[in-house]
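Engineer: Give me coordinates for this.
(one chain, ligands or ions: 1)
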Amino acid sequence: MNIAVIGTGYVGLVSGICYAELGNTVICVDKDPFKISTLQNGGIPIYEPGLEELSAKNVAAGRLSYTSDLQAAVREAELVIIAVGTPPLPSGEADLAYIDAAALEIAEALPAGAIVAVKSTVPVGTNERVRDLIRSRTDAPFSSVSLPEFLREGSAIRDTMEPDRVVIGSESREAAEKVAELHRPLTDKIMITDLRSAELLKYASNAFLATKISLINEIANICEKVGADVTQVAEGMGFDRRIGPAFLQAGIGYGGSCFPKDTRALIQIAGHVEYDFKLLRSVVEVNREQRFNVIRKLETIFGGELRGKTVAVWGLSFKPNTDDVRESPALEIMRHLVDVGVHVRAYDPVATPNFRSAFGDKGVVWCEGALEAAAGADALCLLTEWEEFAGADLRQLQSVMSRPILIDGRNVFREEDLAGTAFIYYSIGRPSLNQGVREKIPILQY
Ligand code: UDX
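Structural biologist: Coordinates of the predicted model:
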């Protein structure tokens, strides 16, 4: 199939490269000339394991190319995929300006019989809006398809090549079948729905996963008070096939470009039809508060006085294996620390440059290595579960710190890791692992 993908963000780029890998002829379009020249020169503007190699392979095979000329790309296409950003407006609603602009430009060059599919996560009704916008500009017959994307950053290629399901929303059975055929090599689980159901299904899936995370985080908070262990509770829950083990890892809450944005957008979508989505509002609220779990623990240890302390932070991206810092819990946690007069020493294996541009430099020393960040610190907060941190030698870590205080916001360390160390250790919802604070929460006077 000849495919044009509009937008080379995570979704567009990964999908485009994977469609080429399946043997299709793909042209990826972006209006940002810097991105396009990076891609044309063999680079990848995002951090995603394996993507650069896969792009190079398909470019070399003549199946994949990059351009900023949208109309030229669309003119040859049987399938045009819109994968531009839908960033949140201040109200939480998705901003559809890029979608509208793409639709209008596509209309100028759309060949008769083409299919236009929206992969961006968009409010219910957007595919119809795109269809009508294009129709207002061209007489060429075409079909509209909603093609929601479920890939995760960090495992985007696998998620795309081995999806749990492919959802195709369409008004035309024929168009849906063509798009289904394209995905047949990936999975048997292809579901064809109407346009609105496909759009809502994507938000509902993310809302459900966010709900699972907030639920387990609240269970973790209760575990801390009643002396239970959230990892054991979650494991036992996960054996129930109705619940499943995934997305029950307690921590400092979800971040990223999807869950925070999509949960707020769904609350807005519901609001538009005068439905108060109370459950989801609570999920968002719980997630916001959960970040401060780490701060509360630091305050407890230091008797409420954080000013003047040096705190090391390990992990800045919203999750491991990505340099994405959008809505990363580390942003708010570090903002609070800096605001109350803490000296922060921060390290992340890949996300520091992105984090610095989002956060600024005030109050922070950016470090090149994990031990360098910990050197001389009064406490260390682990905020992202990069594999590198799980393998850290805690005795060595203790030897470089001023005070052995470790707040593990992602439950990375096990009892064995702590053996032989004098760390005051807190994690999330695992009070039995609290070290140096087993019986009661200590107040340290300095
Ligand atoms: C998510 C969805 O999983 C994906 O289907 C959708 O297309 C885009 O949004 P992504 O944001 O890349 O993908 O990351 P994901 O792995 O889902 O993690 C999201 C956040 O939840 C991260 O901050 C992660 O740390 C957190 N999380 C995840 C938990 O706190 N606990 C868990 O058990 C799982």
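Engineer: drop to CA atoms for contacts and neighbour counts, all remaining ones
Structural biologist: OK.
Engineer: Let me know the pLDDT of the most centrally placed residue in the chain.
Structural biologist: In the chain, the residue lying closest to the centroid (CA atoms, centre = their mean) is Gly256, at 3.4 Å. Looking at Gly256, its pLDDT reads 95.
Engineer: looking at it, it is touching Ser328, isn't it?
Structural biologist: Yes - assessed by CA atoms under 8 Å, Gly256 is found in contact with Ser328 at 6.1 Å.
Engineer: residues shared between the contacts of these two?
Structural biologist: Shared contacts of Gly256 and Ser328, defined by CA atoms under 8 Å, 6 or more residues apart in numbering, are found at 318-319.
Engineer: which residues of the protein fall in strands?
Structural biologist: 2-6, 25-29, 64-67, 79-82, 114-118, 142-146, 166-170, 190-193, 310-314, 343-347, 364-366, 379-382, 405-408, 424-426 (DSSP state E).
Engineer: if you compare these, which one is most tucked away?
Structural biologist: strand 310-314 (a mean of 28; mean count of other CA atoms under 10 Å).
Engineer: Neighbouring strands - and their directions - for that one?
Structural biologist: Here strand 310-314 has these sheet partners by DSSP bridges: strand 343-347 (parallel), strand 379-382 (parallel).
Engineer: Among these, single out whichever gets nearest to Gly125.
Structural biologist: strand 379-382 (41.5 Å; CA to CA).
Engineer: Please state the offset of the closest one from the chain centre?
Structural biologist: Chain-centre distance of strand 379-382: 23 Å, with CA atoms, centre = their mean, to the nearest Å.
Engineer: Then stretch 317-326?
Structural biologist: Distance, centroid of stretch 317-326 to centroid of chain: 7 Å (CA atoms, centre = their mean).
Engineer: For that stretch, C-alpha coordinates in CSV please.
Structural biologist: Coordinates of the C-alpha atoms in stretch 317-326 are reproduced here as CSV (Å, rounded to 0.1, in the frame of the first residue of the first chain):
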residue,chain,number,x,y,z
SER,A,317,11.9,10.9,32.5
PHE,A,318,8.3,9.9,33.2
LYS,A,319,9.3,6.3,32.9
PRO,A,320,12.4,4.3,31.9
ASN,A,321,13.7,3.9,28.3
THR,A,322,12.5,7.3,27.1
ASP,A,323,13.8,10.8,27.1
ASP,A,324,10.3,12.1,27.3
VAL,A,325,9.7,14.3,30.4
ARG,A,326,6.2,15.5,29.6
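Engineer: wouldn't Gly43 be in contact with Leu54 here?
Structural biologist: No - between Gly43 and Leu54 there is no contact under CA under 8 Å: 11.2 Å.
Engineer: Okay, buried residues for the helix ranked longest in the chain please.
Structural biologist: Taking DSSP state H as the criterion, the chain has its longest helix at helix 195-226. Buried residues in helix 195-226, counting neighbours by 16 or more other CA atoms under 10 Å, are found at 195-204, 206-221, 223-224.
Engineer: measure Thr160 to the ligand for me?
Structural biologist: 10 Å (CA to the nearest ligand atom, to the nearest Å).
Engineer: That should have said Ser357, apologies.
Structural biologist: Where the ligand is concerned, Ser357 sits at a distance of 19 Å (CA to the nearest ligand atom).
Engineer: and that residue, how many neighbours does it have?
Structural biologist: A count of nearby residues for Ser357, using other CA atoms under 10 Å, gives 10.
Engineer: same check, this time on Asn127
Structural biologist: Residues near Asn127, counting by other CA under 10 Å: 26.
Engineer: again with Pro185
Structural biologist: 11.
Engineer: for Arg414, same thing?
Structural biologist: 11.
Engineer: got the contact list for it?
Structural biologist: Arg414 neighbours (CA under 8 Å, 6+ apart): Leu433.
Engineer: residue contacts, Cys223?
Structural biologist: Contacts of Cys223 by CA under 8 Å, 6+ apart are 229-230, 429-431.
Engineer: Considering the strands of the chain, which stretch scores lowest in mean pLDDT?
Structural biologist: For those, where the average pLDDT is lowest is strand 424-426, sitting at a mean of 94.
Engineer: what helices or strands is that one leaning on?
Structural biologist: When contacts are defined as 3 or more CA pairs under 8 Å, 6 or more residues apart in numbering; DSSP states H and E, strand 424-426 packs onto strand 405-408.
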